[in-house]
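Enquirer: Okay, sequence plus prediction incoming.
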Amino acid sequence: MRVRRRRFNDVPDPAGNGLLDRRVFLKGGAGALTAGAFMAFASSDAKAAPGEAPAGMKVPGAPLSLYGSPATFEREVTRTLIRSQPGTTGAGASRTPLEALEGIITPSGLHFERHHNGVPTIDPAQHQLLVHGMVARPLIFTVAALSRYPMESRIHFLECSGNSAVMFGTTPPAQTCGQTHGLVSCSEWTGVPLRLLLAEAGVDPRADWILAEGADAAAMSRSVPMAKAMDDALLALYQNGERLRPENGYPVRLFLPGYEGNMSVKWLRRIKVTDTPTMTKDETSKYTDLQADGKSLMFTYPMEVKSVITRPAPGLKMTGPGLYELSGIAWSGRGKIRRVEVSADGGQTWAETALSAPVLAYALTRFRIAWKWNGAPTVLKSRATDDAGRVQPTRDEFIAQNGANAIYHYHAIQAWRVESNGEVKNVYA
Ligand SMILES: Nc1nc2c(c(=O)[nH]1)N[C@H]1C(S)=C(S)[C@@H](COP(=O)(O)O)O[C@H]1N2
Ligand SMILES: [Mo]
């Protein structure tokens, strides 16, 4: 069968802004592209025949292995912008290389890290979790005991409230997408609902809060409203099918879906049931949001609706004019993503993208749209709406409302400028 090679100019662009109908890649969908739209990117030879057998077909392959690793050709795909407080090696953060990844699950080895005083070494056979305070029966759980409780698995993002903080600055950062926005990752978390353990300990009806404390050298601790603890809080033991990685809280972490990452206390050793918030150092001196008027917001838990185009994005280069699939991630600490729109003309016109299944509450959602780039410099933007109806603000709107003193909860629309040579840059536009 002969497939007609579709030329770039034949690709319909009804809105005239380069963004094609979101159903364009769906078979039989309205405005679907017929075969051949991408053929310009494969070379064609009428006499094409299988070439000589590659070297790998002539000798037996590499042996079996105990624990797999990525292809050696992918060795550049690593966590990025690893920074620690002066004089320390573990009090800092590393970021997920968002522009190198697809889908919604972050490989565990690339999950961002944020430690306030390094990663403790914890033997699961020695570790204990104490539940005490305003309870009828204080209880101590070993990891083995926790493992006997019924578990749930849920796909959720985790975002540090300091993610994208560099965007508060007066000049746009000359960084990759992951360096700017990579304090967000998404995993399948499996563990025991916290409410089961609280029920066994017998919570005093006057108790409205819990305190969660980690077994690290920072003794990271946060107060959590009882309503959240009883709703969907998880004591996570597994991440993407295997036990938690040490850097993500091994052997057990608290996981609070949609809430700022700081509250998902790693290396969890203590839950104290209380009537008021404990006002720990981590929720008074930090993780408060200084406003323009000098007042600070406290206990700002849910992460706001947010999105970013990951392909193309800074850290990747466009390879000339033509048809592309633009791809990105959206998420909200208020629930599911309802819609993501994309602009390829700096925000003058917008087109609705296709959301790839599954679209889950408090999870990264992958969006995609076909884009016909004419090779001229332009600015790409994405704008997410969540199922609570919240829409990402522009950067100007966000700064006008929150001031530029804050360092947490930045979630404005991100603009990428595409240069005619294919370079992609972070811009304020
Ligand atoms: N015990 C403890 N828990 C902690 C932290 C910490 O330093 N110690 N960092 C917090 C912060 S600020 C964030 S954003 C998340 C990061 O989780 P991750 O390292 O698994 O990505 O863990 C939170 N839980
Ligand atoms: Mo964080």
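Expert: Perfect, thanks for sending it. Note that the structure is a prediction, hence the values are computed from the model and not measured. Numbering: from 1, shown residues only. Ligands and ions are numbered 1, 2, ... in the order given.

Enquirer: CA only for contacts and neighbour counts going forward, please
Expert: Fine.

Enquirer: Excluding sequence neighbours, find me the nearest residue to residue 116.
Expert: The spatial neighbour of residue 116 that comes closest, neighbours along the chain excluded (CA to CA, 6 or more residues apart in numbering), is residue 91 at 4.6 Å.

Enquirer: ok, so what distance separates residue 271 from ligand 2?
Expert: Remark: distance between residue 271 and ligand 2 (CA to the ion, to the nearest Å) = 20 Å.

Enquirer: Count the neighbours of that residue for me.
Expert: When counting by other CA atoms under 10 Å, one arrives at 24 neighbours for residue 271.

Enquirer: I figured it hits residue 128, correct?
Expert: No - the pair residue 271 / residue 128 is not scored as a contact, 11.1 Å apart, by CA atoms under 8 Å.

Enquirer: could you pull out the helices for the stretch 301-429 of the chain?
Expert: 395-402 (DSSP state H, counting those that start in this stretch).

Enquirer: now the farthest one out in the protein, which residue is it?
Expert: residue 47 (46.3 Å; CA atoms, centre = their mean).

Enquirer: my guess is it is in a helix, correct?
Expert: No - counting by DSSP: H, G, I helix; E, B strand; the rest coil, one finds residue 47 to be coil, located in no helix.

Enquirer: Use 30 as the first number for this chain going forward.
Expert: All set: I'll call the first residue 30, so the last point we hit is now residue 76.

Enquirer: Contact residues of the stretch 30-179 of the chain facing ligand 1?
Expert: 140, 141, 142, 143, 144, 145 (CA under 6 Å from any ligand atom).

Enquirer: In terms of distance to ligand 2, which of those residues ranks first?
Expert: Of all those, ligand 2 sits closest to residue 143, with 6.0 Å by CA to the ion.

Enquirer: quick one, phi/psi of the closest one?
Expert: Main-chain torsions, residue 143, degrees, to the nearest 10: phi -140, psi 110.

Enquirer: Against residue 121, how distant is it?
Expert: 6 Å (CA to CA, to the nearest Å).

Enquirer: cool, and residue 433?
Expert: Applying CA to CA to residue 433 and residue 121 gives a distance of 22 Å.

Enquirer: hmm, back to that, looking at residue 143 and residue 121, which is more packed in?
Expert: residue 143 (23 against 17).

Enquirer: Could you double-check that that one lies in contact with residue 122?
Expert: Yes - using CA under 8 Å, residue 143 is in contact with residue 122, at 4.4 Å.

Enquirer: Now residue 209: which helix or strand?
Expert: helix 206-210 (DSSP states H and E).

Enquirer: How far away from the center of its chain is that helix?
Expert: 11 Å (CA atoms, centre = their mean, to the nearest Å).

Enquirer: Now do the same contact list for the residue nearest to residue 145.
Expert: Shown in contact with residue 120 (CA atoms under 8 Å, 6 or more residues apart in numbering): 113, 114, 143, 144, 145, 146, 147.

Enquirer: nearest spatial neighbour of the last one, skipping sequence neighbours?
Expert: Using CA to CA, 6+ apart and skipping residues adjacent in sequence, the residue nearest residue 147 is residue 119, 3.8 Å away.

Enquirer: For the one you found, give me its contacts.
Expert: Per CA under 8 Å, 6+ apart, neighbours of residue 119: 113, 144, 145, 146, 147, 148.

Enquirer: Just want to check the distance between the residue nearest to the fourth one when sequence neighbours are not counted and residue 43.
Expert: Think residue 146. Sequence neighbours aside, residue 120 is the residue nearest to residue 146 in space, at 4.4 Å (criterion: CA to CA, 6+ apart). Shown here: residue 120 relative to residue 43, a distance of 52 Å by CA to CA.

Enquirer: Would you confirm that residue 208 contacts residue 109?
Expert: Yes - counting by CA under 8 Å, residue 208 touches residue 109, with 6.2 Å between them.

Enquirer: quick one, which of these two is more surrounded?
Expert: Using other CA under 10 Å as the criterion, residue 208 and residue 109 rank with residue 208 on top: 25 against 20.

Enquirer: For that one, which residues are in contact?
Expert: 109, 110, 124, 125, 126.

Enquirer: Leaving out sequence neighbours, find the closest residue to the last one.
Expert: Translated: residue 126. residue 207 is the one closest to residue 126 (CA to CA, 6+ apart), at 4.3 Å.

Enquirer: again, but for the first one
Expert: Ranked by CA to CA, 6+ apart and with sequence neighbours excluded, the top spatial neighbour of residue 109 is residue 124, at 5.0 Å.

Enquirer: what sits against that neighbour?
Expert: 108-111, 139-142, 207-208, 210-213.

Enquirer: This completes my enquiry, with thanks.
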